[in-house]
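K.L.:
The sequence and its predicted three-dimensional model are supplied below.
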Amino acid sequence: MKLDRYLMAAVVMAAVLTGCGTRVEPYHPRGNQQQPQKDIVAKENKTWQISYGGRKIVDGAYTEEIHVNNVPASQKYLVSVINRANYATYEGNVEEFLKYEHKYNSEHVYNGAPQVIQFGRFRHGTWYAFVIALDADNNLTGEYAYHKFTAEEEEPSKEYLSWLGNWTVSDGRISYDIQLSQEEANQVYRVDGWEIRDKAPSGWVQMDKEYLEASFEPSDGRLYFISQYITTYEDDDLNGDKVDELFLGIIDFDGVTEKMGLIIVEDEGIDLAYAEKDSDESATVLPCDIELTIGKEDFKGKFFTMQYMYQEVKNGNWHYYNDDSVSFFDSAGSPLQVTMVRTKGEVNIPRSDVMRNGNASLTGEDKPLRGKVYQPRSERRAVKAVKL
């Protein structure tokens, strides 16, 4: 794989406020890690109760409720929700699952019951909800309770269906023919074709082995592009070392006391841009607002662009696949008009059958489906930004 630009990771913590909507997405464990837990013996506590409370609307946001009951007031615990396919990968090894959740999913710790916990929307299918006990020092005790439940897919609305089909996305310089297909009714689309170009210039990496997911917002009918983990694979150009592939947003930082330039907003599940219909046949794509603190300076502005990139797991160095992408601003900082125009007839989205760097095709099975606790935008945790 050609490395068009090399990115040295200089990580800073940044409090973020995005200006579109609150997206709650499955997560990939790249941060917020605890120290590995020593060996434990799993023991189910059948007196603790955990149940699925169904879908709700909270302050205009679509959420799912998990209820916890009959847990003593002094008992600390985690709540983890995982879909059937992902839980199956543990092959019945409950101890390994508990240790994994403790290592990567310890952001929210609860005490006692009853508790009603709001999660982001679940995809349809079979899910497992767990209560995972902790001691006074937040270490695993091995005790747990679980509940298996089914989330049903909704009937797709007319507004959701109106985005399905083939579109050309363009900023006047670069264009992609993309295809939107149904991934989860009234919630998620599959997006094929991003960073695939007709008559691509020399050095361009056609991203024809992966796809994105975009969100539908029922309250405003918009299509939202979000930052997301794609997969992890071994890169032959890096001697077989593992890399995490992601789709992330970039800002153009014009600091005074901090170094100017492009900065990756590293977290997943953040709104990057949204598409709003101008007519049945066309839409305008607009960047979302974001506020960051970088070093001693504050940044308040919009995303500059969004594109595929990857990070070396071993040392954290960043790379991206292509020098340029459909962007919201040109190199001088002037706004570009990004449009989506519906394409008539069939569009064949090219899908490569050739393995990239010796790796199999990247599929939706590489996207972990985990329940993630819903947080209002005002309470959203700090995120990472990386200077390019």
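P.N.:
That came through, no problem.
K.L.:
Point out the other helices and strands that the longest helix anywhere in the chain packs with.
P.N.:
Determined from DSSP state H, the single longest helix within the chain is helix 94-104. Contacts defined by 3 or more C-beta pairs under 8 Å, 6 or more residues apart in numbering; DSSP states H and E place helix 94-104 against strand 76-83, strand 125-134, strand 140-151. In this view, the C-beta of every residue, glycine as well, is placed from N, C-alpha and C.
K.L.:
which one of those strands lies closest to residue 278?
P.N.:
Judged by C-beta to C-beta, the one of the helices and strands packed on helix 94-104 that comes nearest to residue 278 is strand 140-151, at 34.0 Å.
K.L.:
thinking again about what came up before, in TSV: the helices and strands packed on helix 94-104, plus mean pLDDT and distance to residue 272.
P.N.:
Formatted as TSV, the helices and strands packed on helix 94-104 follow (pLDDT from 0 to 100; distance: least, C-beta to C-beta, whole Å):
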stretch	mean pLDDT	distance to residue 272
strand 76-83	96	25
strand 125-134	97	27
strand 140-151	97	26
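K.L.:
any idea which of those is most buried?
P.N.:
Stretch with highest mean neighbour count among the helices and strands packed on helix 94-104: strand 76-83 (a mean of 22; mean count of other C-beta atoms under 10 Å).
K.L.:
Let me see the mean pLDDT of the helix or strand just after that strand.
P.N.:
Using DSSP states H and E, the helix or strand that follows strand 76-83 in sequence is helix 84-88. Across helix 84-88, pLDDT averages out at 91.
K.L.:
then helix 84-88 to PDB, C-alphas only?
P.N.:
Output of helix 84-88 as PDB, limited to C-alpha atoms (Å, rounded to 0.1, in the frame of the first residue of the first chain):
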ATOM      1  CA  ARG A  84     -25.300 -12.500  19.700                       C
ATOM      2  CA  ALA A  85     -22.700 -12.700  16.900                       C
ATOM      3  CA  ASN A  86     -20.000 -10.900  19.000                       C
ATOM      4  CA  TYR A  87     -20.800 -12.800  22.200                       C
ATOM      5  CA  ALA A  88     -20.500 -16.100  20.200                       C
END
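K.L.:
coming back round to it: of all the helices and strands packed on helix 94-104, which one comes closest to residue 232?
P.N.:
If we rank the helices and strands packed on helix 94-104 by C-beta to C-beta, the stretch that ends up nearest is strand 76-83, at 17.7 Å.
K.L.:
now that closest one against strand 140-151, angle please.
P.N.:
40 degrees (axes from the mean of the first three to the mean of the last three C-alpha atoms, to 10 degrees).
K.L.:
just checking, what packs against strand 76-83?
P.N.:
strand 61-69, helix 94-104, strand 110-111, strand 115-120, strand 125-134.
K.L.:
end to end, how far does stretch 275-294 reach?
P.N.:
28 Å (C-alpha to C-alpha, to the nearest Å).
K.L.:
swap in stretch 115-124?
P.N.:
Distance between the boundary residues of stretch 115-124 (C-alpha to C-alpha) amounts to 24 Å.
K.L.:
Now do it, average pLDDT.
P.N.:
92.
K.L.:
try stretch 237-251
P.N.:
Stretch 237-251 comes out with an average pLDDT of 92.
K.L.:
What are the buried residues along it?
P.N.:
Judged by neighbour count (16 or more other C-beta atoms under 10 Å), stretch 237-251 contains these buried residues: 238, 243-251.
K.L.:
Nice, that's everything, thank you.
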